[in-house]
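**Student:** got a structure for you, letters missing:
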């Protein structure tokens, strides 16, 4: 099995969507070779019929999109540990995935883009700057402004998670599952490129993140540059 | 089985937390007598050791708090249709319940309080006004201002649900479960006291709400004053 992912300088693998898949593979105990590509290497995944990572190649099968890959793994390898815990868990995991995309990653994006830029290889920098500045309607330098305010707002929007974690150790209950991977993937992304302190040490989410790190220590320590603060 | 709930003028049963329980009972096919109480009737549920509805009395057992009641029903009546679909579904339902409390109900609250007030019995109006004006830091008249702006903001915060419903008919997947009851309970609350058009007809959430109404038509039509717009 081969997993194509985004690779920046020093081997940093940052895509929060790829991380969802890597955590799912780890939970299932399925080994995959990872192949890092750059922003300018879309031709290397052209065989998937689209231009975004993650892309999974499993023998003759090619699957793209993190959600579709998760469903493929769950359905194709039913004897491995589940990442959804049944149909209701799968349905709700999709909601949490969308909530993570829009609310968590959406609120982190402006803060993180300049940090990502600092790790983009020289050859892709012009593309990255132009693309992200157009998408967000401001320069990378403007995005760097007021990190404290952005972090405060980010912490605030995580409140539903924090309140949930008063009563259970993981978003998915007593053990982590795909919904936890979505949120944790966002934190790995951030920890791969920045040393912003996104969570205070007394935050219930900090303790949850520590539990996730404990569960997936081997996977994370094998990935360059991931430092949680 | 007896369920204590909040009752306003004309028999309106508005508590979004009670609705979670009523929908859970309906899904499970469990009959319960409902007992309506007013804001000033906390003595009638003093036997539960606290002052908030819902309170469920099942023979000798008394359970309060909508989440605890849902868990009680799921565990005590395992042969009835599930409202969680297993441990992961239960864990994630708790997250969606908290998301609903904070994000959905939190954003609706200011808009709805004056509408609730219009249906509060005369004897409880002074209490209700004082309590809610203190809690929200503004008068009921101020809360009535700019409903269009509040509705636009409310529609915006539902985006993760809307995107999720592009790909599946219910939040919980192919069939409704407790997470759907939480959000639907919020809409029933609103529809019990106001005729604000919270959802445009072309919203995927509107279609979802119609599906929920279809599933629980008997329950809803038996409750006075619920009109979806």
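**Tutor:** In hand now; what should we look at? Because the structure is a prediction, the values reported are computed rather than measured.
**Student:** Can you pull the residues of chain A lying near chain B?
**Tutor:** A:82, A:84-96, A:98-99, A:101-103, A:159-161, A:163-164, A:167-168, A:170-175, A:177, A:179 (CB under 8 Å from any CB of the partner chain). Heads up, the C-betas are built off the backbone N, CA and C, glycines and all.
**Student:** In helices only, show me the residues you listed.
**Tutor:** Of the residues of chain A next to chain B, the ones assigned to helices by DSSP state H are A:87-96, A:98-99, A:159-161, A:163-164, A:179.
**Student:** hmm, back to that, just the buried ones out of the residues of chain A next to chain B, please.
**Tutor:** Those of the residues of chain A next to chain B that meet the buried threshold are A:82, A:84-96, A:98-99, A:101-103, A:159-161, A:163-164, A:168, A:170-173, A:175, A:177, A:179, by 16 or more other CB atoms under 10 Å in any protein chain shown.
**Student:** contacting residues around residue A:158?
**Tutor:** A:104, A:205 (CB atoms under 8 Å, 6 or more residues apart in numbering or on different chains).
**Student:** Okay, buried residues for stretch A:46-65 please.
**Tutor:** Quick answer for stretch A:46-65 (16+ other CB under 10 Å): A:48, A:52, A:53, A:54, A:55, A:56, A:57, A:58, A:63, A:64, A:65.
**Student:** What of stretch A:140-158?
**Tutor:** So stretch A:140-158, judged by 16+ other CB under 10 Å, has buried residues A:140, A:143, A:147, A:150, A:151, A:154, A:155, A:157, A:158.
**Student:** Stretch A:61-81 now?
**Tutor:** Here stretch A:61-81 shows A:63, A:64, A:65, A:66, A:67, A:69, A:70, A:71, A:72, A:73, A:74 as buried, counting by 16+ other CB under 10 Å.
**Student:** Setting the sequence-adjacent residues aside, check what's closest to the fourth one.
**Tutor:** Looking back up the chat, that one is residue A:66. residue A:17 (4.2 Å; CB to CB, 6 or more residues apart in numbering or on different chains).
**Student:** where's the one you found, which helix or strand?
**Tutor:** helix A:16-28 (DSSP states H and E).
**Student:** any idea where the helices of chain A begin and end?
**Tutor:** Using DSSP H, the helices of chain A run over residues A:16-28, A:66-76, A:87-99, A:106-117, A:122-136, A:140-143, A:147-157, A:159-164, A:178-193, A:204-215, A:217-221.
**Student:** want to try TSV for those, with mean pLDDT as columns?
**Tutor:** TSV is the format used below for the helices of chain A (pLDDT from 0 to 100):
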stretch	mean pLDDT
helix A:16-28	98
helix A:66-76	98
helix A:87-99	98
helix A:106-117	96
helix A:122-136	97
helix A:140-143	97
helix A:147-157	97
helix A:159-164	97
helix A:178-193	98
helix A:204-215	98
helix A:217-221	96
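**Student:** To residue B:188, which of these lies closest?
**Tutor:** helix A:87-99 (19.8 Å; CB to CB).
**Student:** ok and the closest one relative to helix A:66-76, angle-wise?
**Tutor:** Here helix A:87-99 points in a direction 160 degrees away from that of helix A:66-76 (axes from the mean of the first three to the mean of the last three CA atoms, to 10 degrees).
**Student:** and the angle for helix A:87-99 with helix A:106-117?
**Tutor:** When the same axes, to 10 degrees is applied, the directions of helix A:87-99 and helix A:106-117 differ by 60 degrees.
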